[in-house]
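Colleague: turn this into a structure:
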Amino acid sequence: MSAQQPRRRKAAQSADRADDTSQEPPTSAQKFIMEFPVLVLWTGIFCASSWALCFPLALPRRVLESPLIWRLPFHGGVFCTIGAFIVKWYMEVYQAGIMGQQINYESNPRATHLLLGLIGSAWLMLVVGLWPQYHVFSLLVVALFGIGVLFPVTMWSVMYGRSVENVIFMVATTYFVFWYTGDSGDLVM
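Modeller: I've put the predicted structure just below:
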C-alpha cells in the first residue's frame, strides 16, 4: 500500500508582484499603429483579388460599351448608390457633426431604413441591369465592386477619417459618371 501525500496549498502571491491587468489600455494612435499592417494586408488582398477577377470579365469595357446591359436598371443602381451616399453624408456630417446627435438606430430609424433600402435597391438594380451580359456572374460582378472598391475605401477611413472617405467617394462617383457618359475610348484602353 502506497502512502498518499497530502495536497499542498498554493502559496499566496506576494503583493509586490505587478498585476498584468493594471496596464493602461492603448491610445488610439497606438491602436492604429498596431492595426495598420493588418489593414494594409486586407486592403491589398481585397483589391488584388477583385481586380484579378475583373479583368477576365472585361468589366470596364463591357459596362461602358455592351449593348446587352440593360441601361435603365443600371442607371437606377447608380442613382441609388449616389442616394445612399447622400443619406450617409447627411447622417455623418449634418446630424453627428453639426447637430451633435448620437448616430444609432434608435435615434435615426427613418434615415437608417432609407439607407438600407437604397443599398438593397442599388444591389438589386445593378444585378438586374448586368444580368443580360453576365447572367449568374452579375452577382459576382456586383460583389466584386463592393468588396474590391467600397470595402477597402471604408477600411482606409480608419486612417484618414470619414470626411476624406466622403470626398473620395464623391470624386470617384463623379469620375465614373463622367467616364460613363463621355467618350470612353481612350480611358478604357
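Colleague: looking at this structure, which helix or strand is least sure?
Modeller: One helix or strand of the chain scores below all others by mean pLDDT, DSSP states H and E: helix 185-188, with a mean of 46.
Colleague: what's near enough to touch residue 77?
Modeller: Listed by C-beta atoms under 8 Å, 6 or more residues apart in numbering, the contact set of residue 77 reads 121, 122, 123, 124, 125, 126, 129. To be clear about C-beta, it is placed using only N, CA and C from the backbone, and glycine gets the same treatment.
Colleague: what's the separation between the second one and residue 178?
Modeller: Read that as residue 122. Distance, residue 122 to residue 178, using C-beta to C-beta, to the nearest Å: 19 Å.
Colleague: who has more neighbours, these two?
Modeller: In this view residue 122 and residue 178 are compared by other C-beta atoms under 10 Å, and residue 122 has more residues nearby, 21 against 11.
Colleague: wait, the more buried one touches residue 75, no?
Modeller: No - counting by C-beta atoms under 8 Å, residue 122 stays clear of residue 75, with 11.2 Å between them.
Colleague: neighbours of residue 96, just the number please.
Modeller: Neighbours of residue 96 under the rule other C-beta under 10 Å: 16.
Colleague: name the SS class of the closest residue to it other than its chain neighbours, please.
Modeller: What sits nearest to residue 96 in space, not counting adjacent residues and going by C-beta to C-beta, 6 or more residues apart in numbering, is residue 103, at 4.8 Å. Assigned with DSSP: H, G, I helix; E, B strand; the rest coil, residue 103 falls in the coil class.
Colleague: switch to numbering from 30
Modeller: OK, 30 is where the count begins now, so the last one is residue 132.
Colleague: okay, now the unreliable bits of this structure?
Modeller: 30-33, 35, 37-51, 57-59, 61-62, 68, 176-189, 211-218 (pLDDT under 70).
Colleague: any buried residues in the longest helix seen in the chain, and which?
Modeller: Ranked by residue count under DSSP state H, the longest helix found in the chain is helix 57-86. Across helix 57-86, burial judged by 16 or more other C-beta atoms under 10 Å covers 72, 75, 79, 82, 83, 86.
Colleague: with stretch 115-125 instead?
Modeller: Judged by neighbour count using 16+ other C-beta under 10 Å, the buried positions of stretch 115-125 are 116, 117, 118, 120, 124, 125.
Colleague: same question, stretch 144-155
Modeller: Using 16+ other C-beta under 10 Å as the test for burial, stretch 144-155 gives 144, 147, 148, 150, 151, 152, 154, 155.
Colleague: which element, helix or strand, includes the second one?
Modeller: In this assignment (DSSP states H and E), residue 147 forms part of helix 138-163.
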